[in-house]
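J.: A structural model of the following input is requested.
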Amino acid sequence: MSTGTAKSTNIANGLIGELTHEAATTRKILERIPAEKFDYKPHEKSMTMSRLAAHVAEMVDWITETCTKDELDFATIDYKPFEPQTTAELVEYHDKNVAAAIEALKNTSDEDMHKPWTLKNGETTYFTMTKIATLRTMCFNHIWHHRGQLSVYLRLNDIPVPEIYGPSADEGQM
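T.: Here you go, the predicted structure:
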């Protein structure tokens, strides 16, 4: 099933379905983070709620990077962390990155999914894996991991936790 000039494939279609489903859940969590709690952190070693939420929203762009490039070299980029000022800005940034990631996935063929992708910093190579392995581990699983941390931040601040993979203590009782 192709949309316009997109090369939507079996692998991409599966990932798009997962991303669409998971992004809706992530959005529910991000929508509940009040700006007055952005500085909250449960431990001195923890990120602030704002930094963790922004990290979740910006990590979705890693999907686009993985699909459209063959490597990410930290030595060649000028990374500046996203710093939302409002909850609306945070959600909007997440939504923008999800839309771009879906479009990138639509344009990634099954053949391209099996090509190598490398993460490095100058001469130091952290890993080389296929794009599909990178998408599953460094992108999708990594995002869901940090989203789980955010759900704990919500709980610790008495903010209702939405259903994620089933009912929460706040929503969706069976």
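
J.: what's the burial count for Leu119?
T.: If you count neighbours by other C-beta atoms under 10 Å, Leu119 ends up with 19. Just so you know, the C-beta spots here come from the backbone N, C-alpha and C atoms, and that holds for glycine as well.

J.: can you give the distance of the helix or strand that it is a member of from its chain's centre?
T.: For Leu119, the host element (DSSP states H and E) is strand 116-121. Relative to its chain's centre, strand 116-121 lies at 18 Å (C-alpha atoms, centre = their mean, to the nearest Å).

J.: which element follows that strand toward the C-terminus?
T.: Counting by DSSP H and E, the element after strand 116-121 in chain order, helix or strand, is strand 124-130.

J.: buried residues in that following strand?
T.: Of all the residues in strand 124-130, those buried under the rule 16 or more other C-beta atoms under 10 Å are Met129.

J.: report the inter-axis angle for that strand versus strand 116-121.
T.: Counting by axes from the mean of the first three to the mean of the last three C-alpha atoms, to 10 degrees, strand 124-130 lies at 160 degrees to strand 116-121.

J.: quick one: contacts of strand 124-130?
T.: Strand 124-130 is contacted by residues 113-120, 137-138 when judged by C-beta atoms under 8 Å, 6 or more residues apart in numbering.

J.: again, 7 Å this time
T.: With contact meaning C-beta atoms under 7 Å, 6 or more residues apart in numbering, strand 124-130 is reached by 113-120.
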